[in-house]
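Asker: Below are the sequence and a predicted model for it; my questions follow.
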Amino acid sequence: MVKFKKKGTRAKTRSQLTKSTREKGTPNVNDLLKEFEEGEKVHVKPDPAITSGLPYRRFFGKTGEITGKQGKCYKVKLDDQGTQKEQIIHPVHLKKQEKNNGETKST
């Protein structure tokens, strides 16, 4: 019988931190060496194969702005229910935001 509920940084992330069969394995070297400019908008998309610099689960899928660099990781300013928070995130877990200058794709 469980007497207490376990709480941690990766609690309740089983479905969030799983890859599809085709994506499994370690990421490309290019993903590890991504470069970002200060002030650039990025999406937080965690890669479960690399656990260093993994953001807290509340910020999975959010969009933020690069404010600086700390070692290999980047400082990202994210909105958390109306307050600004700064997370230190490895570049593997970040993806550049595509600029869509009002253009629409026709299919």
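Answerer: Everything's here; your move.
Asker: Every contact and neighbour count from this point should use C-alpha atoms.
Answerer: Fine.
Asker: Identify the residue spatially nearest to residue 89, adjacent ones excluded.
Answerer: Closest residue to residue 89 apart from its sequence neighbours, by C-alpha to C-alpha, 6 or more residues apart in numbering: residue 53 at 4.7 Å.
Asker: for the residue minimising distance to the centre of the chain, which residues make a bridge with it?
Answerer: Centroid check for the chain by C-alpha atoms, centre = their mean gives residue 44 as the closest residue, at 2.7 Å. Judged by DSSP bridges, the bridge partners of residue 44 are residue 94.
Asker: So which bits of the lowest-mean-pLDDT helix or strand in the chain are buried?
Answerer: Using mean pLDDT, DSSP states H and E, helix 29-32 stands out as the lowest-scoring helix or strand of the chain, at a mean of 91. Across helix 29-32, burial judged by 16 or more other C-alpha atoms under 10 Å covers no residue at all.
Asker: Equivalent analysis for stretch 62-70, please.
Answerer: So, applying 16+ other C-alpha under 10 Å, buried residues of stretch 62-70: 63, 64, 65, 66, 67, 69.
Asker: So which of these are in helices?
Answerer: Judged by DSSP state H, helices contain none of these.
Asker: Which one of these is nearest to residue 100?
Answerer: Nearest to residue 100, judged by C-alpha to C-alpha, of those is residue 63 at 15.2 Å.
Asker: Give me the nearest residue to the closest one, chain neighbours excluded.
Answerer: residue 43 (4.4 Å).
Asker: just checking, that neighbour touches residue 91?
Answerer: No: Residue 43 lies out of contact with residue 91 (C-alpha atoms under 8 Å); the separation is 10.6 Å.
Asker: So, low pLDDT: which residues of the chain?
Answerer: In the predicted model of the chain, residues 1, 101-107 satisfy pLDDT under 70.
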